[in-house]
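Chemist: Coordinates for the following, if possible.
(one chain, ligands or ions: 1)
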Amino acid sequence: MTESGKPWQEHEVLKRKIKGITLLLEKQYGIPRKEGAGDFLGILIETILSQNTNDQNRDRAYQRLRSRFPRWDNILSAKTRSIVSAIRPGGLAEQKAKRIQEILRWIKDSRGKLSLSFLKGMDSEEIKELIGGLKGVGPKTVHCLLLFGLGREAFPVDTHILRIGKRVGFIPETLNAMKAHAWMSPLVPKGKSLSLHLNLIRFGRSVCTARHPQCKDCFLAEECLYPSQ
Ligand code: SF4
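Modeler: Residues are numbered from 1 along each chain as shown. Coordinates of the predicted model:
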């Protein structure tokens, strides 16, 4: 397997490495529990709000949006500027408000109601094509929908996972988040998408942080390419 002409570790070696990391994370943090069945639209909108911001600002934006507009219909019929005002804490508010209303409009026009429950009857590749083809919906959003909404095998790559993957050496330096989704899909141990995703995020928030990674106390240091960062 090569990436941009650079020699890259063999697929099987990488799979073993990722399996080992999954187990080390589970040993440290446990196996995260599955949340209840997903509110598909909520997950979709929340993930759109998460673009280019942190979890705290995303949550504030989402809570404000849902408290001002409790029904999806309310969001669709509202003036865009009211949506912008509600989601302002999440950043890029104009762009995100427009996208959210466009997506709700598309769902209503194509399905007759504001629900994504029809996705349950589709296979994951069809969903990636259909939902991933919508403006403003990237692979992270689609993978979140598949993993958290539908409980499918899917591995969303956020900024924490991209950063850790490059430091530890299971994502090539040259890949952006968009391409990292296709890269990771065949490497994640079967049935471990949720565990690895949530535990890596926890690890990225507490140990392998963006600015001050705690390398001296890191339980993944032996796996890491840059343990002295
Ligand atoms: S050793 Fe440092 S850079 Fe490597 S994974 Fe641990 S905290 Fe991150």
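
Chemist: mind giving me the domain split of this protein?
Modeler: Residue ranges for the domains of the chain, per automatic domain parsing: 2-33+155-223, 40-149.

Chemist: Now for residue 146, how many residues are close by?
Modeler: Around residue 146 there are 23 other residues, counting by other Cβ atoms under 10 Å. Where C-beta positions appear, they are placed from N, C-alpha and C, glycine not excepted.

Chemist: Quick one: classify residue 157 as helix, strand or coil.
Modeler: Under DSSP: H, G, I helix; E, B strand; the rest coil, the three-state class of residue 157 is coil.

Chemist: and what of residue 188?
Modeler: Three-state assignment for residue 188 (three-state DSSP): coil.

Chemist: which residues does it contact?
Modeler: Residue 188 is in contact with 18, 22, 153, 155, 196, counting by Cβ atoms under 8 Å, 6 or more residues apart in numbering.

Chemist: Show only the entries of those found in helices.
Modeler: The members of those that map onto helices under DSSP state H are 18, 22, 196.

Chemist: Pick the one among those closest to residue 211.
Modeler: When these are ranked by distance to residue 211 (Cβ to Cβ), residue 196 comes first, at 23.4 Å.

Chemist: quick one: residue 196 from residue 165, how far?
Modeler: Separation of residue 196 from residue 165 (Cβ to Cβ, to the nearest Å) stands at 11 Å.

Chemist: Contacts for stretch 161-169, please.
Modeler: Outside of stretch 161-169, the residues within contact range by Cβ under 8 Å, 6+ apart are 9, 17, 21, 157, 171-173, 175-177, 180, 184, 197, 200-201, 203-204, 208, 210, 213, 220, 223-226, 229.

Chemist: The protein against the ligand: which residues are in contact?
Modeler: Within reach of the ligand by Cβ under 6 Å from any ligand atom, the chain has these residues: 167-168, 207-208, 213-215, 218, 220-221, 224, 226-227, 229.

Chemist: Quick check: PyMOL command selecting the buried ones in those residues.
Modeler: With 16 or more other Cβ atoms under 10 Å as the criterion, this PyMOL line picks the buried residues out of the residues of the chain next to the ligand:
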select buried, resi 167+168+207+208+213+215+218+220+221+224
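
Chemist: residue boundaries of the helices in the chain?
Modeler: Listed in chain order (using DSSP H), the helices of the chain are 11-29, 40-49, 55-68, 72-77, 80-87, 93-111, 124-132, 139-144, 159-168, 177-184, 193-206.
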